[in-house]
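**Q** predicted structure and sequence below. I'll ask about it afterward.
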Amino acid sequence: MRYITACLRWVGFALGLILAAAPAVWGHGASGAIEGRGGLVIASAYDDGEGISFAKVTIQSPEGKTFQTGFTDKTGRFAFVPDQPGEWKFVTEDGMGHRVEVKIPVTPEIVRGEQIPKGQNTAAVSKVERVMEGVALIFGCMGLYFFWKGKKKGA
């Protein structure tokens, strides 16, 4: 009987955590895309298509040094002109937990303004996925705990 009571307490605790995190689950992720010619325009947007307005931007050169910083415009766009070929990194942070990282392979043709590059969006884990990972971790730990307790009592 104690075992069942302990299980119910843990399940109640886990459900309380899930319900407390419920507002965060309905949040949204973010993505980025490259647009424009004669310079690069990076468009950062939430999953619903709304631009990430006035978010902090950091551009890193291929050497990993900060090349430029600033803020996106009202529509979530930021423009810059790379001065050398290599893999550039564009990072947007809105200050509320959303982060977009786009790696941009810049060729000499792009530096001269003759070609538009294709970016790689590396904002892979959304807020919903992080919450689900946390819930899975809690239930996994609970399962291991109860398995260990049940083995101990049965032995």
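**A** Everything's here; your move. Residues are numbered from 1 along each chain as shown.

**Q** all helices of the protein, in order?
**A** For the chain, the helices defined by DSSP state H cover 2-25, 108-111, 127-154.

**Q** just for this protein, where's the confidence low?
**A** 1-4, 6-8, 14-38, 116-129, 153-155 (pLDDT under 70).

**Q** break it down into its structural domains.
**A** 2-25+131-154, 30-125 (automatic domain parsing).

**Q** columns mean neighbour count on top of those, output as a markdown table?
**A** The C-beta positions use only the backbone N, C-alpha and C, and glycine is treated the same way. Shown next, in a markdown table, are those (neighbours: other C-beta atoms under 10 Å):
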| stretch | mean neighbour count |
| --- | --- |
| domain 2-25+131-154 | 12 |
| domain 30-125 | 16 |
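
**Q** pull the contacting residues for the residue lying closest to Lys89 once chain neighbours are set aside.
**A** If the residues on either side of it in the chain are set aside, Lys89 comes closest to Gln60, at 4.2 Å by C-beta to C-beta, 6 or more residues apart in numbering. Gln60 is in contact with Thr66, Phe67, Trp88, Lys89, Phe90, Val91, counting by C-beta atoms under 8 Å, 6 or more residues apart in numbering.

**Q** report the separation between Gln60 and Gln68.
**A** Distance of Gln60 to Gln68, computed by C-beta to C-beta, to the nearest Å: 9 Å.

**Q** and what of Ser61?
**A** Taking C-beta to C-beta, one finds Ser61 at 9 Å from Gln68.

**Q** pretty sure Val111 is touching Pro82, no?
**A** Yes: using C-beta atoms under 8 Å, Val111 makes contact with Pro82 at a distance of 5.9 Å.
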